[in-house]
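# give me the fold of what follows.
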Amino acid sequence: MSYLGLKDDGMYAVAAGENTFIEYYEKNWNKIMSDVYYPTELLNYGHKFRPRLVYWGYCAGKSSATLADKDYNSIARVAISIELVHKASTLLDDYIDGDTARHGMESFHITYGPERTMIYSLNILCRSLRIINDVFIDYIDDSSYSKISMKLVVKTLEDMTLGVLKELDLSNDISMQKIEEIKEIMHLETATLITNSLLVGYLLSQNADMIAMNLFNDIGRDLGYIFQILNDLEPFCSQRNNDHKGSLNTDISRNRKNICIPVIYVYLSAKEKRELEHSAIEQRDTLLLCLFQKYNIKKRLFDEISNTCNRIHRNIDNMPITPQTKGWRDDFHTFINSAIGVSKKRLD
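As a prediction, the model looks like this:
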């Protein structure tokens, strides 16, 4: 097992042949980014987590030892298509949430304005669909794989936009925000893209098994849930939220989804509920931070993460593995642990 440093985000376990994949990915990414209409460093920043999931998905179906240049190039282009979906969503998220910065850089909507942000995001999504369609036409022998993959990508876009709409329509009354409602939004906005990154990579290998696809679906849903919990914990636990997004905000004053809010609400006394519900918007963040500490919400959610992580590892153990890919399962266990570990460090 080798490791690759990723900016300041820590260390991720790397699959066999992944360094070669990253070389192809970066070469193709730079080529695609060379003619984007609005060049912005925001599109280049990141740790390539979702592209890596595409590669891990592919290697579950086909041994990396057999990969040729054409294989690496096709996986890289599919991974870029997935990453473009993620990048478009981050540009829109920053605008919708009113974040003035991302990764310490000025948000796209601050630089170019809201109208260009919306149209440019749509342009990126269209480019994503074109790229993945071209790859599957050129690379896949069985058209059924292409059809399933395109359906997954389109469903990803549908789910992500539905999740945003549901979040925008959350009740202003925080007592009405239910945990299951928040979990559904988390799945639509985050877990869908993670799940389908694995599945599209797996389908590209043309060695798909329905048991494996169902397990990948469960793994992706749980992994997305964990990452969203950790993301929602950031404004309560880390100064990084202020540095990263330009402001410290628990999301409640903007009427946005944050799983910490309904979890906190479960433990409140009647007096605390009244105090929270009738507090001025500008005072709620401070009050919520105090209640977060009082009821040890971080530990409660970390226990939830631990249980969810255990379920992921059980599903990995149940993945059907061929003699050619038998080493993949152990390595994927390590990858999952390292990825979650890196995300937890952001709360320090």
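
# tell me where the stretch 201-348 of the chain has helices.
In the stretch 201-348 of the chain, the segments counted as helices under DSSP state H, counting those that start in this stretch are 210-237, 240-245, 260-267, 270-277, 281-294, 297-317, 326-345.

# can those helices go into a markdown table with extra columns for distance to G163 and mean neighbour count?
C-beta: built from backbone N, CA, C; applies to glycine. Putting the helices of the stretch 201-348 of the chain into a markdown table (distance: least, Cβ to Cβ, whole Å; neighbours: other Cβ atoms under 10 Å) gives the following:
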| stretch | distance to G163 | mean neighbour count |
| --- | --- | --- |
| helix 210-237 | 11 | 20 |
| helix 240-245 | 19 | 17 |
| helix 260-267 | 16 | 20 |
| helix 270-277 | 26 | 13 |
| helix 281-294 | 23 | 15 |
| helix 297-317 | 19 | 15 |
| helix 326-345 | 20 | 17 |
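
# weakest of the ones you listed by average pLDDT?
Mean pLDDT values for these show the minimum at helix 240-245, a mean of 49.

# please name whichever of the helices of the stretch 201-348 of the chain is nearest to W29.
Each of the helices of the stretch 201-348 of the chain has some distance to W29 by Cβ to Cβ; the shortest is helix 326-345, at 20.4 Å.

# report the angle between that closest one and helix 210-237.
With axes from the mean of the first three to the mean of the last three Cα atoms, to 10 degrees as the basis, helix 326-345 and helix 210-237 are set at 20 degrees to each other.

# so what does helix 326-345 touch, helix or strand wise?
Counting contacts by 3 or more Cβ pairs under 8 Å, 6 or more residues apart in numbering; DSSP states H and E, helix 326-345 is packed against strand 11-14, helix 49-59, helix 210-237, helix 297-317.

# go ahead and name everything in contact with the second one.
To tie it back to what came earlier, the one meant is helix 49-59. Helix 49-59 has contacts (Cβ atoms under 8 Å, 6 or more residues apart in numbering) with 12, 15-18, 21, 25, 75-76, 78-80, 82-83, 86, 193-194, 197-202, 204-205, 216, 325, 328, 332, 335, 339.

# ok, the last one next?
Residues outside helix 297-317 that contact it (Cβ under 8 Å, 6+ apart): 215, 218-219, 222-223, 225-226, 229-230, 233, 236-237, 259-260, 263-264, 291-292, 329, 332-333, 336-337, 340, 347.
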